[in-house]
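Participant: I would like to see how this sequence folds:
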Amino acid sequence: MGTFHWIESSKYYETPPDAVFDDIKKNAIAIWETYDDTYDYAGSKIRSISHLENVRDNVWFITGMFDNINQQKLWEMIDQSTRDFVDSIKVKPVARPRRIGKLKSKHFKICVVCGAPANHLTWAGYWCDNHWSVTDEADD
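Facilitator: Next comes the predicted model:
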């Protein structure tokens, strides 16, 4: 299953290639056009997307308009080259270290990015000082 989640924070605000933006924009509008527009809900979404230009994180604004089910539809509609680009800027998973001996804590506090000891908890897991910033949700 494809996803638009887990984009590296250093890449999130970089403008993607025009082909990627145009592909996501075109297919997002196509999804919104399938919705009933009795109360102008879909129309307002289409208007807000159609005026967007390929600047910084506008492409992620477009994908963020959808719930998980429609994000999956969008993922299936976009070109393979767009999927490859999105996959290339995602956070790469790291192997968790094996438990050696007994630990006092039952929970590993390991950074989701690099596997280093971590002490900041967000909705996305634990983060070390090098990968956590004040823009993350919560401290533990």
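Participant: Could I have the CA atoms of the longest helix belonging to the chain written out in CSV?
Facilitator: The longest helix of the chain (DSSP state H) is helix 18-32. In CSV, the C-alpha atoms belonging to helix 18-32 read as follows (Å, rounded to 0.1, in the frame of the first residue of the first chain):
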residue,chain,number,x,y,z
ASP,A,18,6.8,20.2,-11.8
ALA,A,19,5.8,16.9,-13.3
VAL,A,20,5.2,15.5,-9.8
PHE,A,21,3.2,18.5,-8.7
ASP,A,22,1.1,18.5,-11.9
ASP,A,23,0.4,14.8,-11.6
ILE,A,24,-0.8,15.0,-8.0
LYS,A,25,-2.8,18.2,-8.7
LYS,A,26,-4.5,16.7,-11.8
ASN,A,27,-5.5,13.5,-10.1
ALA,A,28,-6.6,15.2,-6.8
ILE,A,29,-9.0,17.4,-8.9
ALA,A,30,-10.3,14.2,-10.6
ILE,A,31,-11.1,12.7,-7.2
TRP,A,32,-12.9,15.8,-6.0
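Participant: Report the mean confidence score over that helix.
Facilitator: The average pLDDT within helix 18-32 is 93.
Participant: what's the following helix or strand after it?
Facilitator: On the C-terminal side of helix 18-32, the closest following helix or strand by DSSP states H and E is helix 41-50.
Participant: what sits up against the next helix or strand after that next one?
Facilitator: Remark: after helix 41-50, the chain's next helix or strand is helix 58-64, criterion DSSP H and E. Helix 58-64 is contacted by residues 4, 7, 12, 16, 20-21, 24-25, 28, 49, 52, 71, 74 when judged by C-beta atoms under 8 Å, 6 or more residues apart in numbering. Every C-beta, even on glycine, is put in place using the N, C-alpha and C of the backbone.
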